[in-house]
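Q: Sequence first, predicted model second:
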Amino acid sequence: MIIGLTGPARSGKDTVAQYLVSDYGFKHFDFYRDVFLDELKKKKMQPTKDNASKLGDELRAKGGRGVMAQLLFPKIDVEDAVVTGFRSPEEIEFFRSKTTKFFLIMLEAPADTRYGRRNESDPQSKDDFLGRDERDLQNKGMEAVFLMADFVIQNDVGVEELNSHIDEIMEEIISEGKVEGDGKDAEEEEYEEEEDE
């Protein structure tokens, strides 16, 4: 199973990913950590989220808006993975074309709450912080990504309540039989075979 997490900056995606890792045995993959950092180093750019956003615009202009998913998917080497950092609908479509066991969760929170959660890698002024959100919405189609979510969580709550929401979602996925069998499905295996050729 692959759980995708989307939402604006500091909406709680990493917190949910950590919970899926610690309590459900998932492995965490992230577009920024697993794709962008190497590209930023090649271009001798500082490893900030703002630079990653700008670099993503450049890479998508050259390779299409699904290019980041094409770079990340082959790195997923486990049965249960959680992926953070989706930015375009084409990235979601790529994952869904490769596995029937992909579920997208959107996290949202008020702008002031998210700004209060920023760290040193984020833009520090409120205008720059929110401007990054606007750039993602306009340039990458994140609004369309949000509309593709299978589940939505309003994350203006404490961690324990947030984790309870995740438990409910996982129970729904499992109890309704949305996940069947073990390991990667045939489309994933076919993709891996193509990569090995």
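A: Structure received.
Q: Now do the buried residues in the longest helix along the chain.
A: Ranked by residue count under DSSP state H, the longest helix found in the chain is helix 159-175. Buried residues in helix 159-175, counted by 16 or more other Cβ atoms under 10 Å: 162, 163, 165, 166, 169, 170, 173. Placement of C-beta: from N, CA and C, glycine included.
Q: Could you list the low-pLDDT ranges of this protein?
A: 121, 136, 139-140, 177-197 (pLDDT under 70).
Q: Which parts of it are helices?
A: Under DSSP H, the chain gives helices at 13-24, 31, 37-42, 49-63, 67-72, 89-98, 111-116, 126-140, 142-147, 159-175, 186-196.
Q: what's the third one packed up against?
A: Other elements packing on helix 37-42 under the criterion 3 or more Cβ pairs under 8 Å, 6 or more residues apart in numbering; DSSP states H and E are helix 49-63.
Q: for the helix it packs on, which positions count as buried?
A: Result for helix 49-63 [16+ other Cβ under 10 Å]: buried residues 49, 50, 51, 52, 53, 55, 56, 59, 60.
Q: And those, which is closest to residue 138?
A: residue 53 (11.6 Å; Cβ to Cβ).
Q: pretty sure the closest one is touching residue 135, no?
A: Yes: taking contacts as Cβ atoms under 8 Å, residue 53 lies within contact range of residue 135: 6.3 Å.
Q: quick one on the thing from earlier: tell me the one of the buried residues of helix 49-63 nearest residue 114?
A: After measuring the buried residues of helix 49-63 against residue 114 - Cβ to Cβ - the closest member comes out as residue 49, at 12.6 Å.
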